[in-house]
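Enquirer: Test case, fold it:
(4 chains)
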There are 2 protein chains.
Amino acid sequence: MDVFGESGLAAARLEDIAKRAGVSKGTIYLYFPNKETLFCEMIRQLVGDTIIKAQERAIATSASAMEQLADYAHSVWQHIRTPMFEKLHRLSIGELRNFPSLLEFFQREVPGRNVQAIAGILRHGIATGEFREMDEMESARMFQALILSHGIWCAQRERNALVAHLTDEEVLAQLLDFFLGAVRKDADSRPAAPASSAANKA
Amino acid sequence: MDVFGESGLAAARLEDIAKRAGVSKGTIYLYFPNKETLFCEMIRQLVGDTIIKAQERAIATSASAMEQLADYAHSVWQHIRTPMFEKLHRLSIGELRNFPSLLEFFQREVPGRNVQAIAGILRHGIATGEFREMDEMESARMFQALILSHGIWCAQRERNALVAHLTDEEVLAQLLDFFLGAVRKDADSRPAAPASSAANKA
DNA sequence: AGCATCTTACTGACTGTTCAGTTATTTACT
DNA sequence: AGTAAATAACTGAACAGTCAGTAAGATGCT
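Expert: Residues are numbered from 1 along each chain as shown, chains lettered A, B, ... in the order given. Okay, the predicted model is just below:
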């Protein structure tokens, strides 16, 4: 990942990978038929690791939904802000479109699982009355969109004026705040039903 | 862009670019000293085009802030959903980190300008009382995060379960709905019926 | 135990190919 | 004729992938 993540699939040199792994180039070919397969196996492995880490993000179901959400967001944010995730994401954008099944796998397992988890918390919050009525999958997707974009921007903070003046903590706090503002049940509930989201006129 | 966008900087073949441009490879070297420069000039050119297109997104200042926002979102969404933008974005993620000044330029001119424009609309809406008090740059950034992530997901709709079941129009309507829910002033006299009619004016 | 054979893991020099960049030549226009 | 623009054939470096060879241990035989 050090090497692929630095230069992408095409520009990465197998000798560099071998050196980084402490073996010779020939050895790689004892385990992988070619460069592409090595690349794909690496992605698969790392996505696997990510899944395991995600499963460790235990949700304290005793807490309020808002606390659960904050905890979970914090945990996801920490993961998104690792160099590892940044590389994985960059490769998934730049290279994985040439490996459609792998892209599908990545999308299903990484953002997909996140959205599921968030949706679960939202559902809980709706049940307890902390959150307004809504399509929880839809809102969870919104959350994922917010946290992912901000993670990417923060990864290049010094080149990105949008977040250059903010710390990681501030960014997370802002997006949590914004999201909570959108899902929290306020003093008076609004008439806009969740089913009215414009799927009708089509 | 057809060729670079398909394979990235390293894997793109100059002969393919020449063929696509209807010239021979040598001709390219009459205009560009090398492959990297050609690539950078292309990005610069396309970002320039994007800026011009963005400036054409006239805002009818007579309309309500909510209508302005819906119109602007619609226009930005149309742009984000072009193959052109998808490629530009993919390259900006995958390749531009090796050209820091170019990345900075891209970030400033593309998402930066968008956020500025949205912030302007929000400011207007706050002044007219349509929107609640807020940091409008912050909220505009949230909007950008929402629309950008969804644009990327929709570009690979068939490989991405998050949006596979939704049309472009539905996605846009959902995210506008969500965003408006977060910035709209609540307890006031809001026209309840057309709240979700953002995408179906046409 | 001593020795021989087999096996596994690895190496790195080598090969063939691909392709960025160059140059000698042709084309087209004034 | 002169010259600017374009070409197509060429060159050389980089590099993916190969393979003959090495080394270290395991197995088996006396």
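Enquirer: Could you report the pLDDT at the residue nearest to A:E138 when sequence neighbours are not counted?
Expert: Nearest non-adjacent residue to A:E138, counting by C-beta to C-beta, 6 or more residues apart in numbering or on different chains: B:Q174, 5.6 Å away. Heads up, the C-betas are built off the backbone N, CA and C, glycines and all. pLDDT, B:Q174: 98.
Enquirer: what about chain A, any weak spots by pLDDT?
Expert: Chain A contains residues with pLDDT under 70 at A:60, A:187-202.
Enquirer: Need the residue in it that's farthest from the chain's center.
Expert: A:G26 (35.4 Å; C-alpha atoms, centre = their mean).
Enquirer: What distance do you get for that residue to chain B?
Expert: Relative to chain B, A:G26 is positioned 24 Å away (criterion: C-beta to the nearest C-beta, to the nearest Å).
Enquirer: mind checking how far that residue is from DNA strand C?
Expert: 2 Å (C-beta to the nearest atom of the strand, to the nearest Å).
Enquirer: and if you look at A:H165?
Expert: For A:H165, the distance to DNA strand C - C-beta to the nearest atom of the strand - is 38 Å.
Enquirer: Check A:P83 too.
Expert: 27 Å.
Enquirer: now swap in A:I59 and tell me
Expert: As judged by C-beta to the nearest atom of the strand, A:I59 and DNA strand C stand 41 Å apart.
Enquirer: Would you agree that residue falls within a helix?
Expert: No: the assignment for A:I59, made by DSSP: H, G, I helix; E, B strand; the rest coil, is coil rather than a helix.
Enquirer: what's the burial count for the residue nearest to it when sequence neighbours are not counted?
Expert: Leaving out its chain neighbours, the residue that sits closest to A:I59 by C-beta to C-beta, 6+ apart is A:Q68, at 5.6 Å. Counted with other C-beta atoms under 10 Å in any protein chain shown, the neighbours of A:Q68 add up to 22.
Enquirer: which other residues reach the helix or strand hosting A:Q68?
Expert: According to DSSP states H and E, A:Q68 maps onto helix A:65-80. With contact meaning C-beta atoms under 8 Å, 6 or more residues apart in numbering or on different chains, helix A:65-80 is reached by A:50, A:53-54, A:57, A:59-61, A:63, A:85, A:114, A:117-118, A:121-122, A:124-125, A:128, A:130-131, A:143, A:147-148, A:151, A:168, A:172, A:175-176, A:179-180, A:184.
Enquirer: show me what contacts the closest residue to chain B within chain A?
Expert: The minimum distance from chain A to chain B, using C-beta to the nearest C-beta, falls at A:G94 (2.8 Å). By C-beta under 8 Å, 6+ apart, the residues touching A:G94 are A:G8, B:G8, B:R90, B:L91, B:I93, B:G94, B:E95.
Enquirer: And the contacts of helix A:65-80, which of them are buried?
Expert: Neighbour-count burial (16 or more other C-beta atoms under 10 Å in any protein chain shown) applied to the contacts of helix A:65-80 gives A:50, A:54, A:57, A:85, A:114, A:117-118, A:121-122, A:124-125, A:130-131, A:143, A:147-148, A:151, A:168, A:172, A:175-176, A:179-180.
Enquirer: Keep only those of the residues you listed that are also close to chain B.
Expert: For chain B, the contacts drawn from these by C-beta under 8 Å from any C-beta of the partner chain are A:L148, A:L175, A:F179.
Enquirer: Please identify which helix or strand holds the last one.
Expert: Right, A:F179. With DSSP H and E as the criterion, the answer for A:F179 is helix A:168-183.
Enquirer: Next: the first one.
Expert: With elements taken from DSSP H and E, the one containing A:L148 is helix A:136-155.
Enquirer: Same question for that helix: list its buried residues.
Expert: So for helix A:136-155, counting by 16+ other C-beta under 10 Å, buried means A:136, A:138-155.
Enquirer: and chain A, which of its residues are near DNA strand D?
Expert: A:A12, A:R13, A:L14, A:E15, A:K25, A:G26, A:Y29, A:N34, A:K35, A:E36 (C-beta under 7 Å from any atom of the strand).
Enquirer: Against B:R157, how distant is the residue nearest in space to the middle of chain A?
Expert: Nearest to the geometric centre of chain A sits A:P111, at 4.8 Å (C-alpha atoms, centre = their mean). From A:P111 across to B:R157, the span is 14 Å (C-beta to C-beta, to the nearest Å).
Enquirer: likewise A:V47?
Expert: If you go by C-beta to C-beta, the gap between A:V47 and B:R157 works out to 20 Å.
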